[in-house]
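Colleague: Sequence and predicted model, in that order:
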Amino acid sequence: MLEKPFKFLGKISYSVYLLHGVTFTLMQMHIFRPHLKGMNIAPAEFALYFIAPTVIALAWVTHKYFEQHFIGLGKQNSKQPPPSET
């Protein structure tokens with residue numbers, strides 16, 4: 001039952017790792033502080049309900065359009081024989 005979500009998170013985990021810090025900082029500076037500070041929302045709730053879904057969505061896009069492309073290029077290059085030394 002939980003296998004698919006965990007496999008999905010495993011696939012995008014490197015992108016999550018790369019994007020979470022930048023996304024957290026930018027969203028905190030530009031959304032949380034100026035717009036939501038007067039509201040009764042805790043920083044942890046902001047992170048859970050706004051930042052986490054944003055990071056997961058960005059990580060999925062990054063994985064789909066960048067990582068997979070370069071993984072394919074790496075596989076193509078690894079199939080070619082190494083250049084001979086002369």
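Modeller: Arrived safely. Numbers count the residues shown, from 1 in each chain.

Colleague: In the chain, what residue spans correspond to strands?
Modeller: Taking DSSP state E, the chain contains no strands at all.

Colleague: got any ranges where it has weak pLDDT?
Modeller: Scanning the chain for pLDDT under 70 picks out the ranges 34-37, 80-86.

Colleague: could you point out the longest helix in it?
Modeller: The longest helix of the chain (DSSP state H) is helix 3-27.

Colleague: mind listing what's buried in that helix?
Modeller: Within helix 3-27, the residues that count as buried by 16 or more other Cβ atoms under 10 Å are 12, 15-16, 19-20, 23-24, 27. Yep, even glycine has a C-beta here, placed from its N, CA and C like the rest.

Colleague: which strands and helices sit next to it?
Modeller: helix 52-62 (3 or more Cβ pairs under 8 Å, 6 or more residues apart in numbering; DSSP states H and E).

Colleague: For the helix it packs on, which helices and strands make contact with it?
Modeller: helix 3-27.

Colleague: and the angle for the helix it packs on with helix 52-62?
Modeller: Helix 3-27 and helix 52-62 are oriented at 110 degrees to each other (axes from the mean of the first three to the mean of the last three Cα atoms, to 10 degrees).

Colleague: Between the two ends of stretch 62-70, how far is it?
Modeller: Start-to-end span of stretch 62-70 (Cα to Cα, to the nearest Å) is 11 Å.
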